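**Q** coordinates only, no sequence provided:
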């Protein structure tokens with residue numbers, strides 16, 4: 001499929017397993033629609049990302065076999081009837097679309113959707129004969145992987161998987177200005193996500209033992225493709241080049257495992273996009289969310 005046409009395996013696994021309770025609720029399941037051939041082959045799906053009742057508009061991602069584009073109007077009919085959410089007393093639905101997907105953009109515009117100003121970027125690096133720059137780790141910091149169950153580095157309380165999960169949760173909450181991340185959700189993700197690998201889950205450990213930065217990598221072996229998600233640095237440890245060092249080390253590992261390409265999605269943050277471009281993510285794709293007002297409640 002074209003770049004990011006459908007979700008990659010990291011995003012699927014994160015949506016399902018990046019939770020303390022990985023089971024899909026009835027409310028979330030009700031917002032997932034599937035389309036199959038007469039023979040039972042899955043060729044399309046409407047699905048969201050956030051949980052229901054989060055206060056924003058309903059969202060509908062259209063996952064699709066590119067040969068079945070004719071289903072998109074029917075899928076939008078289904079989404080508008082079942083997935084829209086109430087915002088300020090009106091039913092609202094948003095549909096993400098990549099700017100290169102001109103037929104979908106025309107379809108949305110013709111149905112009364114309006115393109116939102118804020119967007120997202122997908123950046124792709126193709127390894128080829130590219131020479132990966134050696135990571136330069138700032139003095140006092142140590143680059144390592146997270147500890148896998150059964151491979152704890154010692155008997156002390158700081159060497160357990162639970163302690164690792166606590167550090168990861170604390171780092172992400174600080175880096176992204178949140179309070180939602182818990183050790184429990186990371187333990188579920190570490191233990192149950194089919195695509196998760198500790199040898200691709202990298203952290204920069206600060207001199208005090210806390211996690212100063214983190215970069216997670218996923219390898220899609222079937223497509224020889226890598227994904228970076230997430231990348232973050234604690235506010236107290238920024239401007240040390242830790243994120244760049246982790247990315248370079250992760251890219252080296254992906255290439256050694258047979259990956260031919262790697263993607264990373266970003267928002268409109270200028271520093272982050274400049275960083276990825278300087279590393280080698282020079283194939284760029286732009287996307288936007290399209291919103292439709294479906295009328296009063």
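**A** Done, it's in. Just so it is clear, the model here is predicted, and its values are computed rather than measured. Numbers count the residues shown, from 1 in each chain.

**Q** count of neighbours near residue 77?
**A** Counted with other C-beta atoms under 10 Å, the neighbours of residue 77 add up to 11. From N, CA and C alone the C-beta is placed, and that goes for glycine too.

**Q** residue 83 versus that one, what's the distance?
**A** 11 Å (C-beta to C-beta, to the nearest Å).

**Q** my guess is residue 181 contacts residue 167, does it?
**A** No. The pair residue 181 and residue 167 does not pass the contact test of C-beta atoms under 8 Å, sitting 11.1 Å apart.

**Q** which residues of the stretch 101-250 of the chain fall in helices?
**A** 102-110, 161-176, 183-192, 242-256 (DSSP state H, counting those that start in this stretch).

**Q** quick one: which of these is nearest residue 234?
**A** With C-beta to C-beta as the criterion, residue 234 lies closest to helix 161-176 of those, at 5.1 Å.

**Q** which of the residues in that closest one are buried?
**A** 161, 163-175 (16 or more other C-beta atoms under 10 Å).

**Q** who touches it?
**A** 146-149, 152, 157, 178-187, 190, 203, 210-214, 230, 232-236 (C-beta atoms under 8 Å, 6 or more residues apart in numbering).

**Q** repeat that for stretch 179-191.
**A** Contacts for stretch 179-191 (C-beta under 8 Å, 6+ apart): 13-14, 17-22, 146, 149, 161-162, 164-166, 168-169, 172-173, 196, 198, 201.

**Q** so what's the closest residue to residue 5 other than its chain neighbours up against?
**A** Of all residues not flanking residue 5 in the chain, residue 66 sits nearest, at 6.6 Å (C-beta to C-beta, 6 or more residues apart in numbering). Counting by C-beta under 8 Å, 6+ apart, residue 66 touches 1, 2, 5.

**Q** residues near the last one, how many?
**A** Counted with other C-beta under 10 Å, the neighbours of residue 5 add up to 14.

**Q** any idea what residue 62 is bridged to?
**A** residue 46 (DSSP bridges).

**Q** show the model's pLDDT score for it.
**A** As predicted, residue 62 sits at a pLDDT of 97.

**Q** from residue 169, how far out is residue 96?
**A** For residue 96, the distance to residue 169 - C-beta to C-beta - is 27 Å.

**Q** ditto for residue 221
**A** Applying C-beta to C-beta, the value for residue 221 to residue 169 is 28 Å.

**Q** with residue 264 instead?
**A** Separation of residue 264 from residue 169 (C-beta to C-beta) stands at 22 Å.

**Q** ok, now residue 88?
**A** For residue 88, the distance to residue 169 - C-beta to C-beta - is 33 Å.

**Q** cool, and residue 42?
**A** Distance of residue 42 to residue 169, given as C-beta to C-beta: 34 Å.

**Q** CSV for the contacts of residue 66, including distance to residue 225, pLDDT and secondary structure?
**A** What follows is these, written out as CSV (distance: C-beta to C-beta, whole Å; pLDDT from 0 to 100; DSSP: H, G, I helix; E, B strand; the rest coil):
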residue, distance to residue 225, pLDDT, secondary structure
1, 11, 88, coil
2, 13, 91, coil
5, 13, 95, coil
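
**Q** now the lowest-mean-pLDDT helix or strand in the chain: buried residues?
**A** Least confident helix or strand of the chain, by mean pLDDT, DSSP states H and E, is helix 26-30 with a mean of 86. Judged by neighbour count using 16+ other C-beta under 10 Å, the buried positions of helix 26-30 are residue 28.

**Q** next: stretch 235-246.
**A** Neighbour-count burial for stretch 235-246 [16+ other C-beta under 10 Å]: 237, 240, 241, 242, 243, 244, 245, 246.

**Q** so what strands line up beside the host helix or strand of residue 35?
**A** Element membership of residue 35, judged by DSSP states H and E, is strand 33-36. Using DSSP bridges, strand 33-36 pairs in its sheet with strand 42-47 (antiparallel).
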